[in-house]
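okay, structure incoming, though there's no sequence with it:
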């Protein structure tokens, strides 16, 4: 019985007023400063490297181990 209730439960996710304000601010503020643009591009590169599967050759350093 309890399992059916859990499966049917919809998670709406709570968003605080502060988080909502920051999201709205980011949507409305189209022109970011240079440092903010660099920060965004840095994190996009990090996310791309984290999420993308990369085929790499084994380093010759580790061949003898």
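Looks like it came in fine. Fair warning: this is a prediction, and the values are worked out from it, not measured in the lab.

out of everything not next to it in sequence, what's closest to residue 23?
residue 15 (7.7 Å; C-beta to C-beta, 6 or more residues apart in numbering). For the C-beta atoms, the positions are set from N, CA and C on the backbone; glycine is no exception.

count the neighbours of the one you found for me.
10 (other C-beta atoms under 10 Å).

same check, this time on residue 20
10.

let me see the mean pLDDT of the host helix or strand of it.
Element membership for residue 20, per DSSP states H and E: helix 17-28. The pLDDT scores in helix 17-28 average 88.

on contacts alone, who are the packing partners of the following helix or strand past that helix?
Beyond helix 17-28 in the direction of the C-terminus, DSSP H and E gives the next helix or strand as helix 34-51. If contacts are counted by 3 or more C-beta pairs under 8 Å, 6 or more residues apart in numbering; DSSP states H and E, helix 34-51 sits against no helix or strand.

surely residue 32 touches residue 40?
Yes: the criterion here is C-beta atoms under 8 Å, and residue 32 meets it with residue 40 at 7.3 Å.

let's check: the centremost residue of this protein is which one?
residue 47 (6.8 Å; C-alpha atoms, centre = their mean).

and the gap between it and residue 38?
As judged by C-beta to C-beta, to the nearest Å, residue 47 and residue 38 stand 15 Å apart.

likewise for residue 46?
When C-beta to C-beta is the yardstick, residue 46 and residue 38 sit 13 Å from each other.

please apply the same query to residue 61.
33 Å.

can you report how many residues lie near residue 21?
So residue 21, with other C-beta under 10 Å, has 10 neighbours.

now residue 49
Applying other C-beta under 10 Å, I find that residue 49 has 9 neighbouring residues.

what about residue 61 and residue 38, which has more around it?
Neighbour count, other C-beta under 10 Å: between residue 61 and residue 38, residue 38 has more, with 11 against 7.
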